[in-house]
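Participant: Compute the structure for the input listed below.
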Amino acid sequence: MLPLTSSPPFGTVGTIEIIFFRRKEEEANVVWERAATLCHDFRIHNLLNKPLLPVITTDKKWTKPPYGIVKINFDATVLMKKMGYGMFARDSDGFIFGEGAGVIDTDMQTEWAELKAFEESLNFARSLNCPNLVFETDCISLVNRKNKRGQDITLLGHRINDVCKLL
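Facilitator: Next comes the predicted model:
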């Protein structure tokens, strides 16, 4: 019969700690194996295999417009029920003719905000009195809709038609 003591017998605490940490280690190994399997299956950050989708590197920088043409860059953002927009006009030498920005207290989708920025940049362009203009934006959806404005029967397409009449 073992004597009654206040501390456990020699070696049991170490055994309990080893079992406890081994379980944690096994759980970590299970998580690691799952991540490794997903990484291999989907080739996520797997530098050994070629990616499924080709990586296309693009050089994103401002390009000068041709001589005699003014380029107006515009952009918009939506945050916390407010819409902000900005624009600036440059010539082929990089000289800035003017700039503008504004904030509107309204909640709208990003495409509509970009359209509002385009409309404001058209009004801004009229004040510059430049005969040759090029507009630039990062909203490819707006560009595609503007280029196919006769075929777009959505509300946004109709509004784009109205804005383009300002040209």
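Participant: How is this structure divided into domains?
Facilitator: Following automatic domain parsing, one finds the domains of the chain at 9-56, 70-164.
Participant: Mind putting these into TSV with mean pLDDT?
Facilitator: Output for the domains of the chain, formatted as TSV (pLDDT from 0 to 100):
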stretch	mean pLDDT
domain 9-56	63
domain 70-164	83
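Participant: of all those domains, which lies closest to Lys64?
Facilitator: Of all the domains of the chain, domain 70-164 sits nearest to Lys64, with 5.1 Å by CB to CB. Where C-beta positions appear, they are placed from N, C-alpha and C, glycine not excepted.
Participant: how long is that closest one end to end?
Facilitator: This stretch, domain 70-164, spans 18 Å end to end (CA to CA, to the nearest Å).
Participant: Next: stretch 126-138.
Facilitator: 22 Å.
Participant: ok, and what's touching stretch 69-80?
Facilitator: 62, 64-65, 83-92, 97, 107-110, 113-114, 116-118, 120-121, 124-125, 128, 130, 132-139 (CB atoms under 8 Å, 6 or more residues apart in numbering).
Participant: make it 7 Å
Facilitator: Residues from elsewhere that reach stretch 69-80 (CB atoms under 7 Å, 6 or more residues apart in numbering): 65, 83-92, 97, 108, 110, 113-114, 116-118, 121, 124-125, 128, 130, 132-138.
Participant: Flag every buried residue along it.
Facilitator: Val70, Lys71, Ile72, Asn73, Phe74, Asp75, Ala76, Val78 (16 or more other CB atoms under 10 Å).
Participant: tell me the phi and psi of the fifth one?
Facilitator: Here the main-chain torsion angles of Phe74 (degrees, to the nearest 10) amount to phi -140, psi 150.
Participant: most packed of the domains of the chain?
Facilitator: Ranked by average neighbour count under the criterion mean count of other CB atoms under 10 Å, the domains of the chain are headed by domain 70-164 at a mean of 16.
Participant: circling back to that earlier point, export the buried residues of stretch 69-80 as JSON lines, with columns for distance to Asn29 and secondary structure.
Facilitator: What follows is the buried residues of stretch 69-80, written out as JSON lines (distance: CB to CB, whole Å; DSSP: H, G, I helix; E, B strand; the rest coil):
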{"residue": "Val70", "distance to Asn29": "63", "secondary structure": "strand"}
{"residue": "Lys71", "distance to Asn29": "57", "secondary structure": "strand"}
{"residue": "Ile72", "distance to Asn29": "58", "secondary structure": "strand"}
{"residue": "Asn73", "distance to Asn29": "52", "secondary structure": "strand"}
{"residue": "Phe74", "distance to Asn29": "53", "secondary structure": "strand"}
{"residue": "Asp75", "distance to Asn29": "48", "secondary structure": "strand"}
{"residue": "Ala76", "distance to Asn29": "49", "secondary structure": "strand"}
{"residue": "Val78", "distance to Asn29": "45", "secondary structure": "strand"}
